[in-house]
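> sequence below, structure please.
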Amino acid sequence: MAVALFYASLKNLSPRQALWRGWWFGLGTYAAGVSWVYVSIHVHSHTPAVPAFFMTLFFVAGLAWFFAAMSYSFQKFFSQQKYAFIAFACTWLLFEWSRSWFLTGFPWLYLGDAHINTPLKGFAPVLGVYGIGFMVTLSAALVRDWTWSTQLKKGMALLAAPWVLGACLSLMSWTQSVENGDIQVVAIQGNIPQERKWLAEEIYPTLEKYRSASEKNWQADLILWPETAITVLHHQAKEYLKYLDEEGQKNNSTLITGIPYQQGPDEHYPGAYHNSILALGEGSGLYHKQKLVPFGEYMPLPDSWRPMIEFFNIPMSEFRPGSDQQSLLQVTSETTAYSIAPFICYDVAYPDFVAQLARDSGLMITISNDAWFGSSIGPKQHLGLARMRALENGRYLLRSTNTGITALIDHRGDIVASLPQFEYGVLKAQAQIMSGNTPFNIWGSWPLLIFCFGFLGWLTYLKRQNQPQNNDASEQQV
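Sure thing, here's the model as predicted:
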């Protein structure tokens, strides 16, 4: 409804007026949807309230310019075209997509994410979250543009078509469970307070908490710990990791944990830090996070500027992104062997990145520490993104977080089991190893992007073709 009203409000506006209308719409959207960044800036980074408020305002106001640019572009080039309602959907999609890579990207609060529980979810394995957003904007614009008084039946059919087709697609199974693919999974939610997580005196109690919880669950095929569950560097925890590795092998179990990693003198970037995932026991592999959080895990500024922004005071904020050529984690047990696509926190927000890495994997995992955002809506939105990635890729996704929301999500994007926030807990559930690929796994967003670029290019060509004719007609009238 909000999109339909926004589209209708652009009527009769000049491109410049549309730009500001879009900016205010974007400001309201992001102020309501992502202002939880204030919690991490003020509460956990100890930035005074007033600077934290203006930093949050600057953040949401900057994001609002995506809506401003989208509105301006649509109004200037396509609003008067015959197929303006399709052009609006294409323009919306392209600016959502641009937000996934511009200045490293902020792929949060996509329109399609809100439809994980509606009939339109059926488009996710085919066209991804952008495709769902395209169908929503197309429906919204159609309400405004269609000549209902003279073509009511055709208009109703067009309006209902995406929703009916989405419901039909929801009944399809794009991937299949493998033979002997049922596995017992455990995800541990340590619930370590963020303000104490990195204190030196908390290192041993934290390690003991996770070790003790795992000791009682070695019968599981897979045990998953949260992001940086181990709060010392990889090379500083060799004996602890050796013990876990031996216990996993002895019990025919795989343990996967988040851990900070520092490259050694013989590696490519000596001394560089990574936010990493390590597989032990029957599992093997090391993954370094690729999609880092700006100002959280790295500073997108010259080193000489860093003293000017010490108010961030965020531990482990000098990470380096991992290579884009990393291998999947591997599990080889007595009953089955499979690959795991690993994602750390922000990684899971990127639809095409996840699809590429998850292709041909049997299971997806994601670990996070959403304690940075307290009891805001941020952790709930993050869980929603994980659900969408599981649906797009047709795979079970196991999610372990420090303070919640820890969950197992099935290949249809539905939550199988979860733990409440801000409680210590151990989630136990049954997952399935999947085979095959969804269309989105294979093609990603490119078919839809090509269509939108092509359609808008075609409309631009038609507009240019008609302009000389209109000018000639005007000269003849004079």
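
> all strands of the stretch 351-478 of the chain, in order?
Along the stretch 351-478 of the chain, the segments classed as strands by DSSP state E, counting those that start in this stretch run 363-368, 397-401, 407-409, 415-418, 425-435.

> in CSV: these, plus mean neighbour count and distance to Leu111.
Placement of C-beta: from N, CA and C, glycine included. Shown next, in CSV, are those (neighbours: other CB atoms under 10 Å; distance: least, CB to CB, whole Å):
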stretch, mean neighbour count, distance to Leu111
strand 363-368, 27, 22
strand 397-401, 29, 22
strand 407-409, 25, 21
strand 415-418, 17, 22
strand 425-435, 19, 27
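
> and those as JSON lines, adding mean pLDDT?
Formatted as JSON lines, the strands of the stretch 351-478 of the chain follow (pLDDT from 0 to 100):
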{"stretch": "strand 363-368", "mean pLDDT": "97"}
{"stretch": "strand 397-401", "mean pLDDT": "97"}
{"stretch": "strand 407-409", "mean pLDDT": "98"}
{"stretch": "strand 415-418", "mean pLDDT": "97"}
{"stretch": "strand 425-435", "mean pLDDT": "96"}
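
> I'd like those strands as TSV, with distance to Val39 appended.
Shown next, in TSV, are these (distance: least, CB to CB, whole Å):
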stretch	distance to Val39
strand 363-368	15
strand 397-401	16
strand 407-409	21
strand 415-418	22
strand 425-435	22
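
> next, the buried residues of stretch 231-251.
Neighbour-count burial for stretch 231-251 flags Thr231, Val232, His234, Ala237, Leu241, Leu244, Asp245, Glu247, Gly248, Asn251 (criterion: 16 or more other CB atoms under 10 Å).

> restricting to C-alpha, output the host helix or strand of Glu239 in CSV.
Using DSSP states H and E, Glu239 falls within helix 238-250. Output of helix 238-250 as CSV, limited to C-alpha atoms (Å, rounded to 0.1, in the frame of the first residue of the first chain):
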residue,chain,number,x,y,z
LYS,A,238,45.9,-24.1,19.6
GLU,A,239,45.6,-26.5,22.5
TYR,A,240,41.9,-25.7,23.0
LEU,A,241,41.2,-26.3,19.3
LYS,A,242,43.2,-29.5,19.3
TYR,A,243,41.1,-30.8,22.2
LEU,A,244,37.9,-29.9,20.3
ASP,A,245,39.2,-31.5,17.1
GLU,A,246,40.1,-34.8,18.9
GLU,A,247,36.7,-34.9,20.7
GLY,A,248,34.9,-34.3,17.4
GLN,A,249,36.8,-37.1,15.6
LYS,A,250,36.3,-39.5,18.6
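
> so which elements touch the helix or strand just after that helix?
Moving toward the C-terminus from helix 238-250, the next helix or strand (DSSP H and E) is strand 254-262. Under the contact definition 3 or more CB pairs under 8 Å, 6 or more residues apart in numbering; DSSP states H and E, strand 254-262 sits against strand 222-224, helix 238-250, strand 273-281, strand 283-284, strand 337-344, strand 363-368.

> okay then, goodbye and thanks.
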